[in-house]
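S.K.: Okay, here's the prediction I keep looking at, along with the sequence it came from:
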Amino acid sequence: MSSKAARAIPAGIAAALAVAGFAQTQPAGCAGSVSLGSYRIEAQRPWGGDLLPLKSVSSLQAGSRIVWEPAHPPQKPGLAEVTAIVVPLSGDDVTVLDPHKADARAEWQLAASPAAIAIVYGPQGLSMS
């Protein structure tokens, strides 16, 4: 093998790597990784008082309020809606609360003490059927 051929192989590999580096683009994220904007989910006890971050509240009673507050909603909210799903502490049926537009403040009052609360965001709206 001549010395020119020995030098051509590393140069060819280097050229291929350089082209691959320029051709590489930002990997596409999955649909689930789209930013919802910034928002706060807070709770207020039935007797009033300050709104507290929901994650800092250990228990809520019937009559408490859950508040969705978009701080920086998505640029194009479109049909986006948000709702709360409540699993009552009593073991009764799960309750899906009324949906609201996701780009505006939303409030829900709890009819029963919750064992669990889920906030559901539907970027194309929510089907309540």
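M.R.: Arrived safely, thanks for sending. Just so it is clear, the structure is predicted and the values come from calculations on it, not from any experiment.
S.K.: Could you give the number of residues near the closest residue to V96 other than its chain neighbours?
M.R.: If the residues on either side of it in the chain are set aside, V96 comes closest to I85, at 5.3 Å by CB to CB, 6 or more residues apart in numbering. Just so you know, the C-beta spots here come from the backbone N, C-alpha and C atoms, and that holds for glycine as well. Look at I85: counted by other CB atoms under 10 Å, it has 14 neighbours.
S.K.: hey, what's I85 bridged with?
M.R.: Beta bridges link I85 to V96, A118 when assigned by DSSP bridges.
S.K.: doesn't P99 make contact with it?
M.R.: No. Between I85 and P99 there is no contact under CB atoms under 8 Å: 10.8 Å.
S.K.: Show the residue spans covered by the helices in this structure.
M.R.: 3-23 (DSSP state H).
S.K.: what stretches of it score poorly on pLDDT?
M.R.: 1-36, 73-77, 129 (pLDDT under 70).
S.K.: Show me what counts as buried in stretch 98-107.
M.R.: Buried residues in stretch 98-107, defined by neighbour count with 16 or more other CB atoms under 10 Å: 99-103, 106.
S.K.: Over to stretch 120-129?
M.R.: L126.
S.K.: Check the burial of S64 by counting its neighbours.
M.R.: Number of residues near S64 (other CB under 10 Å) recorded here: 19.
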